[in-house]
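Trainee: This is a predicted model, with the sequence first.
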Amino acid sequence: MSTVSLPLQPSEVSVARRETVQLLLRSPTFVVGVVILGFWIFCAFFGSLVAPHDALDQSFPQLAGPGKYLFGTDQLGRDVFSRVLAGARDIMEVAPAATLLGILGGTTIGLVTGYFRGLVDDAVSRLVDAILALPLVVIAVTVLVALGPSKPTLILVIGFVFTPIVSRTVRAAVLAEGSLEYVQAARLRGESPLYVMFAEILPNVMPPIVVEATVRLGYAIFAIAGLTFLGFGVQPPSPDWALQISDNYTLLNSGTYWWTVLFPGLAIASLVVALNLVADSISKVLER
Amino acid sequence: MSEHAPAIELTDLDVVYRVRGRDRQVLRGVSFSIRRGESYGLVGESGCGKSTTALAAVRYLPRNGRVRSGSIRVAGRDVVALSRSQLRRLRAEEVAMVYQDPSKALNPSIRVGRQVEEVFVVRGVSRKEATVRAAEVLRHVQIADVRSVLGRYPHQLSGGMQQRVVIAMALAKDPALLILDEPTTGLDATVEAEVLDLIARLQAELQTSVLFISHNLGVIGKMCERVGVLYAGRLVEEGPVDVVLRDPRHPYTVGLLRCIPRGGVRKDHGRLDTIPGFLPSLGEELPGCVFAERCALARDVCHTEEPPLHPLGERHSSRCHFHDEAAQLPRQTPADLEQALRVDRSGTPLVRVEELAKVFHQHGHEVHALDGVSASIWAGETLGLVGESGSGKTTFARTLLGLVAPTAGTVEVDGRVVPARLGQRSQADIRALQIVFQNPDSALNRRHTVRRILRRALKKLAGLVGPAAEARLRLLVHAVRLAERYLTVRPNQLSGGLKQRVAIARAFAGEPRLVLCDEPTSALDVSVQAAILNLLVELQAERQVAYLFISHDLGVVRYISDRIAVLYLGRLLELGPAEVVFEGPHHPYTEALLSAVPTIDGGGRERIRLAGEIPSAADPPSGCVFHTRCHRKVGEICEREQPPLVEVEHGHLMRCHIPISELRELQGKGAAVPV
């Protein structure tokens, strides 16, 4: 069953906007997500400053269990707790940048294919299908091996892989908008296609794009962590979480040195879960 | 349950919706009852609470709605107090609802047959028997090819056919109460007439009680015995239909009736009367009469004291302190136009369309949406375009605008051929032809403010920027009677009428020569419709602008048009001065269209039944395209030869094998239709 809503009075516009924020703040999933996310953003900026030790300092006893050193130390004698705090930096640089790139590319392609349809759409959509048919890891590893792993390359690769996915979402939204008459009205004033796409249609398809962006960000973290683990992503000596796991996972065999892997793993998981919580609650409120 | 209890009885019903943390009252002490076998109409503009009443009757209010006080008794049972399972049984057995849009009432992924069977299965009939009964009820609603309809999916049926299926499902359980919420609003006039006939026949046959909700007083007048007029959630007048329509005793009813263009009234007779102001916002506290703010008769007492329901005899009652003066409600809009309308047809036509044709290719079929349409429009005149859906009206408009390129034929403006495609037209050509769309919600960008929408139009169409644009913006907003404070808001904060004013202002930003009006008032309430029509006529008198006015509402078309063009399957069947086309002799198709319109003034006019539905444009009939449905078909010649479009009288063109003199005789002099 639907609900009944009211047309807004002019004085109530700001109220409605405040209401969206209030609705978000009232949702526990959003609040929890934002708190965790906020914590990791803080760490990305100041993690190495607030950490008790230098993340690269090897002067501690090797493989000491949690206790004196909160999360223990790794096989080179580095403080795991400090490394987890400082390890937020790289992923929080690369993932948002890659997501932004994917969103920009995908939005542009989605607008163009959804607006022009016809031949342009057919051609570009098949290309998109072709890219989507290749596993992410295959594309990413190939490019990273060819160009050498570095943060800019990582951003470009993830952004490139995300572009077709985003473009599909945007295209669907644009197709729905394109049938509305304000688009025809714009053409009947002699507006250029560029204006119609970006000034008329784009503002109306922002909600799905915002939701897509939050979801993509989660996947970007996943992808980067995976590539880093395989050795194609962030390079040592960075205290990156996935790098820590990749350095220490062989120790798990013995079953004793779990802390070297568990805590960076939890860090990745908490960040991704937080992003999904935020994405969920935003999409619920925006698509209400 | 008692057999003698009224089918439904509402007593002092208060319903509230909780919106943004506050309870807002939408029904204010509504009381009425419908006897067994009676049909009761509920009229009022949108937002008055008509649908809420219907939903409350089956306890199907939206999640944020609640019955605050009062009672609803359906067939003697208190609906508010029913348990879940009792409520389910009530809905399954006693009450049936038919909504406006049949395509949404039917499940698109289940075959029609299964959906109809479900009505029986839910009441414990076996599948096998249900199948038989389903075919039976469909036959009952005059579906000819039952077997094939049962096997189809809803989208494979036309709108009229879908609504028949929904009605069949509603009546299958022989309900005590049938609620019809705008059941024919989305349908063509000819189909509407068929469906209304069907409902009336079934109602008489089954003795079902009917609650008929409609904004169309003509339909209510035709279908109902009694009528209740709802305003701001309050029943303001109630009585037998003929009494209320003939002798309304509440100023709101009087106003509503005056807004409707009827009885052959035309724009040069003067403006339509309107109801100024707006419906009070949802849940507003109204200490006095709910209508006082908009009432020209209102005195001090009206603002402070709620009028009681005055009985006026014959079960007629009015909630007005001054009900005996209601008929003398002063006009709210002066009748006289400040400037006279004038049309000069001596020179070159403003727009001339020559042999316009458009063929769409669909799944390997050729669809002739337009076939050899020629017409001229002179400055300052309105050409009305009528025809059922699928007749090519919209394609014609879109081709003129250059949104679709014609397959053949040309469009001339001021005697000069303009390029077929919008992209190739000069800015001056683009400016000359503008459009006002049907639905202002989708025609205005909801993310832009009114100022931005109009400033952009001024920049592109009038080449104005900066202070010059701002000055023109003021004039423009003034011209469409829009308060300047609305410039800063976005469309979703405006009512439908105000939105349509913004859309009109946008079309007029660059001094257009011809404005296409594609059903510009069909999404609006009648009082708003009257104001918009007045505005269009005023703009025409001031600026010598021409209109191509598309509408299915023949009263509206007659009011605003100087000449009328009748389209059928993409062919022009008749074109002539509005008076001549309406008064006749007219083309048999026009005759049928006119006879299908339910009018308030009624009259024992015989309705002409059109056989079947409009044929597919992919496979048009041979000869005269109308011969398959024509009630005046003369013989084999109609199937073989397409009659030419000839001038049968001065300025009156018609495409029919029957000579005009014979048509005049057949249709009789007195057959003039009082639309």
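Mentor: Alright, I've got the coordinates.

Trainee: ok now stretch A:59-77, how far from the chain's centre?
Mentor: Centroid displacement of stretch A:59-77 relative to its chain, using CA atoms, centre = their mean, to the nearest Å, is 32 Å.

Trainee: Quote the end-to-end distance of it.
Mentor: 6 Å (CA to CA, to the nearest Å).

Trainee: what about the helices in chain A?
Mentor: A:13-26, A:28-50, A:80-86, A:88-116, A:118-133, A:136-147, A:151-178, A:181-187, A:193-195, A:206-230, A:241-248, A:259-286 (DSSP state H).

Trainee: With only the CA atoms kept, save stretch A:159-167 in PDB.
Mentor: Coordinates of the C-alpha atoms in stretch A:159-167 are reproduced here as PDB (Å, rounded to 0.1, in the frame of the first residue of the first chain):
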ATOM      1  CA  GLY A 159      37.800   3.000 -12.900                       C
ATOM      2  CA  PHE A 160      37.900   1.500 -16.400                       C
ATOM      3  CA  VAL A 161      36.300  -1.700 -15.200                       C
ATOM      4  CA  PHE A 162      33.600   0.100 -13.300                       C
ATOM      5  CA  THR A 163      32.700   2.400 -16.200                       C
ATOM      6  CA  PRO A 164      30.500  -0.100 -18.100                       C
ATOM      7  CA  ILE A 165      28.800  -1.300 -15.000                       C
ATOM      8  CA  VAL A 166      27.800   2.300 -14.000                       C
ATOM      9  CA  SER A 167      26.900   3.200 -17.500                       C
END
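
Trainee: Nearest residue to B:A611 in space, please, no chain neighbours.
Mentor: Closest residue to B:A611 apart from its sequence neighbours, by CB to CB, 6 or more residues apart in numbering or on different chains: B:R629 at 4.9 Å. Yep, even glycine has a C-beta here, placed from its N, CA and C like the rest.

Trainee: The one you found contacts B:L593, correct?
Mentor: No - counting by CB atoms under 8 Å, B:L593 is not a contact partner of B:R629; they are 11.4 Å apart.

Trainee: Compare neighbour counts for the two and give me the winner.
Mentor: B:L593 (26 against 20; other CB atoms under 10 Å in any protein chain shown).

Trainee: The more buried one: what's it in contact with?
Mentor: B:189-190, B:386-388, B:554, B:566 (CB atoms under 8 Å, 6 or more residues apart in numbering or on different chains).

Trainee: pretty sure it is in a helix, no?
Mentor: Yes - counting by DSSP: H, G, I helix; E, B strand; the rest coil, B:L593 falls inside a helix.

Trainee: quick one: buried residues of the helix or strand in which B:A357 is found?
Mentor: Using DSSP states H and E, the element containing B:A357 is strand B:351-362. Neighbour-count burial for strand B:351-362, counted by 16 or more other CB atoms under 10 Å in any protein chain shown, picks out B:351-353, B:356-359.

Trainee: Could you do stretch A:188-200 as well?
Mentor: A:188-191, A:195-197, A:199-200.

Trainee: ok, for the spatially most central residue of chain A, nearest residue in space, not its chain neighbours?
Mentor: Closest residue to the average C-alpha location of chain A: A:L217 at 0.9 Å, with CA atoms, centre = their mean. Distance criterion CB to CB, 6+ apart; nearest residue to A:L217, sequence neighbours excluded, is A:T99 at 4.7 Å.

Trainee: per-residue pLDDT, that neighbour?
Mentor: Looking at A:T99, its pLDDT is 96.

Trainee: burial count for B:P577?
Mentor: For B:P577, using other CB under 10 Å, the count is 16.

Trainee: Beta-bridge partners for it, please?
Mentor: Under DSSP bridges, the beta-bridge partners of B:P577 are B:R563.

Trainee: Look up the pLDDT of residue 213 for me, please.
Mentor: Reading this off chain A. 93.

Trainee: you looked at the wrong chain, it should be chain B
Mentor: For B:I213, pLDDT reads 93.

Trainee: partner residues bridging it?
Mentor: Beta bridges link B:I213 to B:L42, B:D181 when assigned by DSSP bridges.

Trainee: residues touching it, list them.
Mentor: With contacts defined as CB under 8 Å, 6+ apart, B:I213 is in contact with B:41-43, B:50-51, B:53-54, B:179-182.

Trainee: With B:S103 as the reference, measure out to it.
Mentor: 19 Å (CB to CB, to the nearest Å).

Trainee: what's the spacing between B:C624 and chain A?
Mentor: 34 Å (CB to the nearest CB, to the nearest Å).

Trainee: Also B:G113?
Mentor: 28 Å.

Trainee: Same question for B:L516.
Mentor: 10 Å.

Trainee: Burial check on that residue, number of neighbours?
Mentor: Neighbours around B:L516, by other CB under 10 Å: 26.

Trainee: doesn't it fall inside a helix?
Mentor: No - using three-state DSSP, the secondary structure at B:L516 is strand, not a helix.

Trainee: Kindly provide the distance from it to B:L400.
Mentor: For B:L516 relative to B:L400 (CB to CB), the value is 7 Å.

Trainee: The stretch 301-450 of chain B: helices as residue ranges?
Mentor: B:393-401, B:427-432, B:440-443, B:450-462 (DSSP state H, counting those that start in this stretch).

Trainee: hmm, back to that, most packed of the helices of chain A?
Mentor: When the helices of chain A are scored by mean count of other CB atoms under 10 Å in any protein chain shown, the highest mean neighbour count falls to helix A:80-86 (a mean of 25).

Trainee: Tabulate the CA atom coordinates of that one in CSV.
Mentor: Provided in CSV are the C-alpha atoms of helix A:80-86 (Å, rounded to 0.1, in the frame of the first residue of the first chain):
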residue,chain,number,x,y,z
VAL,A,80,50.1,-4.5,14.2
PHE,A,81,47.8,-2.0,15.8
SER,A,82,49.8,0.9,14.5
ARG,A,83,49.9,-0.8,11.1
VAL,A,84,46.1,-1.2,11.0
LEU,A,85,45.5,2.4,11.8
ALA,A,86,48.1,3.6,9.3
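
Trainee: Remind me what that helix packs against, helices and strands.
Mentor: The helices and strands touching helix A:80-86, judged by 3 or more CB pairs under 8 Å, 6 or more residues apart in numbering or on different chains; DSSP states H and E, are helix A:28-50, helix A:241-248, helix A:259-286.
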